[in-house]
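coords below, sequence missing:
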């Protein structure tokens, strides 16, 4: 279903950028959202995702996903859904590619450890830090800090999970500089980017969990969503070897979820009677999403993955050691601020110093954090496999 054109973000109607940019210099035939996407792709923060944890820490297995490959998979899913609905593919892709660039090393385990180690700095939140990266820490341009993304891109990154009632300090600072209307819903492009994230990791974590031997196929098949897809594959391809069946399972899982989102989003938009992007922002609930039945099955799948995969005994020691690395680095830099690279040393107060430490550690890759800990604090003992 193609949605009404006025529901799509239009480059010509963008609210622009926080810093006005001169038109001089070679730019090429790109509109504002295409430039946003390209600024993310060419950023240092995006390149660092290739060595940042998705589930496994600096994985030795070449086939396991990392934050970079996850972000690329999210972008493919998001762009496909945006195209099918007649929305702005470039804005959707920008948000998908950028949604994880605020993650510190070791994923959520690293985030928890960094927040706990620096409580006087206001804590650490990866969504807020994403805004901080693109508005402050990336600095490729001569006239301003940050990537100077469009208002629509910043809005979508800030509201990745919907309206923000109580923004942390980093998001609040970005909002103060360029108000993003945090109390409203974002564009449909942003809503699709968030769902594409769920679709990607729901299905690809099944693939990685089975590949790692942490998840068992039989227990997965007890889930109605997975069992139904598996049975359909057997009906279509009797005698297919298990490895190919698992690949078909992941592919069909993505396709089934995408088809459901497209149908349900079209239904909600039609029944809501929204006519403009501002109607979408002010509607009061998400217009893009799963149907009620699939949403219940997706929540069940998520609970299973948290219980049996993310919090599995095989990964618990990895998470604990990763958190020890982050905590150790934070304590070392707090006690020895001169150990920070010169560009990260701050002389304008304790709060600024602690936030600089958080910024520096958050920008590390898994392997760089491990190397710095071994150099400055002591040995790191991570299981070889994960």
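Okay, I see it. Note that the structure is predicted; figures quoted are calculated from it, not measured.

elements contacting the lengthiest helix in the chain?
Taking DSSP state H as the criterion, the chain has its longest helix at helix 242-272. Applying 3 or more CB pairs under 8 Å, 6 or more residues apart in numbering; DSSP states H and E, we find helix 242-272 packed against helix 67-85, helix 188-212, helix 224-236, helix 292-305. No exception for glycine: its C-beta is placed from N, CA and C like everyone else's.

6 Å - rerun?
Helix 242-272 is packed against helix 188-212, helix 224-236, with contacts defined by 3 or more CB pairs under 6 Å, 6 or more residues apart in numbering; DSSP states H and E.

continuing past it, what's the next helix or strand?
Following helix 242-272 in sequence order, the next helix or strand is helix 277-281 (DSSP states H and E).

Give the buried residues for that following helix.
Within helix 277-281, the residues that count as buried by 16 or more other CB atoms under 10 Å are 277, 280, 281.

quick one: residue 170 from residue 153, how far?
Distance of residue 170 to residue 153, computed by CB to CB, to the nearest Å: 17 Å.

Looking at those two now, which is surrounded by more residues?
The neighbour count for residue 170 versus residue 153, taken as other CB atoms under 10 Å, is higher for residue 153 (30 against 26).

So, low pLDDT: which residues of this structure?
For the chain, the stretches flagged by pLDDT under 70 are 23-26, 57-62, 384-386.

The nearest residue to residue 152 once chain neighbours are set aside sits in which helix or strand?
Spatial nearest neighbour of residue 152, chain neighbours left out: residue 9 (5.4 Å); criterion: CB to CB, 6 or more residues apart in numbering. Following DSSP H and E, there is no helix or strand that holds residue 9.

Quick check: the gap between residue 9 and residue 18.
In terms of CB to CB, residue 9 sits 17 Å off from residue 18.

give me every residue that touches residue 297.
224, 225 (CB atoms under 6 Å, 6 or more residues apart in numbering).

Now do it against residue 220, distance only.
Separation of residue 297 from residue 220 (CB to CB) stands at 13 Å.

Could you do residue 43 as well?
37 Å.

if we can go back for a sec, which one's more surrounded, residue 9 and residue 18?
residue 9 (25 against 16).

count of residues packed around the closest residue to residue 182 other than its chain neighbours?
Residue nearest to residue 182 in three dimensions, not counting chain neighbours: residue 164, with 4.2 Å by CB to CB, 6+ apart. Residues within reach of residue 164, counting by other CB under 10 Å, total 20.

of all the helices and strands packed on helix 242-272, which gets the most neighbours per residue?
helix 188-212 (a mean of 23; mean count of other CB atoms under 10 Å).

can you give me phi and psi for residue 53?
Per-residue torsions, residue 53: phi -60, psi 130 (degrees, to the nearest 10).

can I assume it is in contact with residue 104?
No - no contact is recorded between residue 53 and residue 104 when judged using CB atoms under 6 Å, the distance being 9.2 Å.

got a list of contacts for stretch 238-252?
For stretch 238-252, the external contacting residues (CB under 6 Å, 6+ apart) are 203, 207, 210, 229, 230, 233.

Which of those residues sits closest to residue 311?
Closest approach between those and residue 311, by CB to CB: residue 210, at 17.0 Å.

dump the residue contacts of that closest one.
Contacts of residue 210 (CB under 6 Å, 6+ apart): residue 246.

one more time with 10 Å, if that's ok
Counting by CB atoms under 10 Å, 6 or more residues apart in numbering, residue 210 makes contact with 216, 217, 220, 242, 243, 246, 249, 250, 309.

Just put those residues in a markdown table and tack on distance to residue 64.
Shown next, in a markdown table, are these (distance: CB to CB, whole Å):
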| residue | distance to residue 64 |
| --- | --- |
| 216 | 18 |
| 217 | 18 |
| 220 | 18 |
| 242 | 19 |
| 243 | 16 |
| 246 | 15 |
| 249 | 18 |
| 250 | 14 |
| 309 | 12 |
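
State the number of residues packed around residue 213.
A count of neighbours around residue 213, defined by other CB under 10 Å, yields 9.

cool, and residue 219?
Counted with other CB under 10 Å, residues neighbouring residue 219 total 11.

Next, the buried residues of stretch 297-309.
By neighbour count on 16+ other CB under 10 Å, the buried set for stretch 297-309 is 297, 298, 301, 304, 305, 309.

I'd say the third one and residue 215 touch.
It refers to residue 301. No - if you go by CB atoms under 10 Å, residue 301 and residue 215 don't touch, sitting 11.5 Å apart.

Touching both of those two, which residues are there?
Taking CB under 10 Å, 6+ apart as the criterion, residue 301 and residue 215 both touch 205, 206.

Count the residues that sit near residue 284.
Residue 284: 10 surrounding residues under other CB under 10 Å.

For it, what are phi and psi?
Per degrees, to the nearest 10, the backbone of residue 284 is at phi 100, psi -10.

residue contacts, it?
Residues counted as contacts of residue 284 (CB under 10 Å, 6+ apart) are 163, 184, 185, 272.

Can you point out the buried residues in the helix or strand residue 358 falls within?
With elements taken from DSSP H and E, the one containing residue 358 is helix 350-362. Under the neighbour-count criterion of 16+ other CB under 10 Å, helix 350-362 has 353, 354, 355, 356, 357, 358, 359, 360, 361, 362 buried.
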